[in-house]
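S.K.: Sequence plus predicted model, see below.
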Amino acid sequence: MVEFGLILARLLHYTATTTLAGLSLFPLYAYAGAEPEGLRRWRRRLLLWTAVTALLSGLLWFVFSAANMSGTLGDLADPEVLWTVARDTGFGIIWSVRMLLAVIIVGVTVVSRFSTATIRHDLIMPFLTAALLASLAGTGHTQIGEGWAIVVHVASDTAHLLAAGAWLGGLVPLVFMLRRSAQMVEPIDMDRILLRFSGMGYVAVATLIGSGLINSWFMVGSVPGLLNTLYGQILLGKLALFAGMLALAVANRFWLVPSMSNIRTDAADGSAAWSARLRKHVLGEQFLGWAVLLAVSILGTMQPAVGQ
């Protein structure tokens with residue numbers, strides 16, 4: 001029960017924090033001018049609910065982690081147990097800071113949700129949400145090792161988390177725009193937005209591959225560890241899911257997007273058909289990305305393959 005709850009809490013928190021980061025970073029690269037009003041209202045509303053989910057799932061993660069340390073959920077009825085975990089463990093100290101940051105993010109999203117001010121590029125939320133996501137690197141398996149190894153591992157995991165947030169989290173507003181672009185009052189150059197998203201994707205994928213190799217070295221260490229341990233086998237499943245995401249992204253960039261651009265503007269039926277295919281591909285990327293987060297949530301509760 002405790003282990004299942006911990007995996008579920010981790011999944012919810014990873015999903016919420018990557019979505020938060022992706023939603024916040026999207027306007028910085030997706031278009032050169034001001035954010036379309038329809039997308040701005042929708043994005044601010046979703047930011048608020050996602051921030052609340054990140055806070056609640058983070059608290060749930062802490063509770064199940066404390067139960068895992070104490071051995072049973074029943075011990076959590078004693079406030080001293082929770083206080084001891086929060087005060088006397090590295091995980092508890094970092095998590096307390098993270099939850100304070102999550103509360104600040106909720107407060108900022110509440111203010112911006114009901115604000116009428118228009119800002120061309122909001123830099124506060126991208127910084128806060130990126131910090132919340134990146135701070136996950138300071139917990140868990142990155143603390144295994146000593147000296148320079150910890151520094152390299154934390155830096156690599158930070159880059160991995162931020163790249164995942166930019167790509168996977170950025171798919172959420174991209175799907176919304178693909179579904180609603182034709183209904184928005186303001187004209188939107190979807191071809192340009194898709195190309196800008198692809199440009200960000202190149203950087204994100206390269207970062208994910210490089211940092212993933214470094215993290216795998218620390219967590220697995222050898223080919224036998226990858227093939228002959230449960231940890232390594234789940235990691236292989238995660239890599240297969242990532243390869244599926246990458247295949248869909250390549251198909252989008254080099255097949256669907258050019259096909260949409262080549263269709264004449266008055267060929268509404270053809271454009272709608274290609275747009276529907278693109279939406280399905282992007283939704284497929286998102287589904288596979290969530291499956292990757294599930295694999296990450298499970299791996300975080302397991303003993304790494306290195307040393308087994």
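M.R.: Received it, and whenever you're ready, just let me know what you need. Numbers count the residues shown, from 1 in each chain.
S.K.: Skip the chain neighbours and tell me the closest residue to Leu128.
M.R.: Ile105 (5.1 Å; CB to CB, 6 or more residues apart in numbering). (C-beta placed from N, C-alpha, C; glycine too.)
S.K.: and the host helix or strand of the one you found, which residues are buried?
M.R.: Counting by DSSP states H and E, the element that carries Ile105 is helix 90-113. Neighbour counts over helix 90-113 (16 or more other CB atoms under 10 Å) mark 91-92, 94-95, 98-99, 101-102, 105-106, 108-109, 112 as buried.
S.K.: which residues of the stretch 1-150 of the chain score low on pLDDT?
M.R.: Residue ranges of the stretch 1-150 of the chain with pLDDT under 70: 75-78, 115-121, 141-147.
S.K.: Please enumerate the helices of it.
M.R.: Taking DSSP state H, counting those that start in this stretch, the helices of the stretch 1-150 of the chain run over residues 2-30, 37-70, 79-88, 90-113, 124-134, 148-164.
S.K.: what's the spacing between Phe4 and Lys238?
M.R.: In this view, Phe4 and Lys238 are 19 Å apart by CB to CB, to the nearest Å.
S.K.: How far away from the center of its chain is the helix holding Ile105?
M.R.: 17 Å (CA atoms, centre = their mean, to the nearest Å).
S.K.: neighbours of Val151, just the number please.
M.R.: Neighbour count of Val151, defined by other CB atoms under 10 Å: 11.
S.K.: Equivalent analysis for Leu47, please.
M.R.: Leu47 has 23 neighbours, counted by other CB under 10 Å.
S.K.: so what's it up against?
M.R.: 20, 23-24, 109, 112-113, 125 (CB atoms under 8 Å, 6 or more residues apart in numbering).
S.K.: Pop out the phi and psi values for Ala34.
M.R.: Dihedral pair for Ala34: phi -70, psi 150, per degrees, to the nearest 10.
S.K.: what about it, neighbour count?
M.R.: Counted with other CB under 10 Å, residues neighbouring Ala34 total 13.
S.K.: State the distance from it to Thr72.
M.R.: Taken as CB to CB, the span from Ala34 to Thr72 is 54 Å.
S.K.: Now distance to Ser297 too, for the contacts of Leu47, in TSV please.
M.R.: Output for those, formatted as TSV (distance: CB to CB, whole Å):
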residue	distance to Ser297
Leu20	17
Leu23	21
Ser24	22
Thr109	24
Ser112	29
Arg113	29
Met125	25
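S.K.: Looking at the residues you listed, which one is closest to Ile193?
M.R.: Leu23 (14.8 Å; CB to CB).
S.K.: My guess is that closest one contacts Val172. True?
M.R.: Yes: the pair Leu23 and Val172 passes the contact test of CB atoms under 8 Å, sitting 6.3 Å apart.
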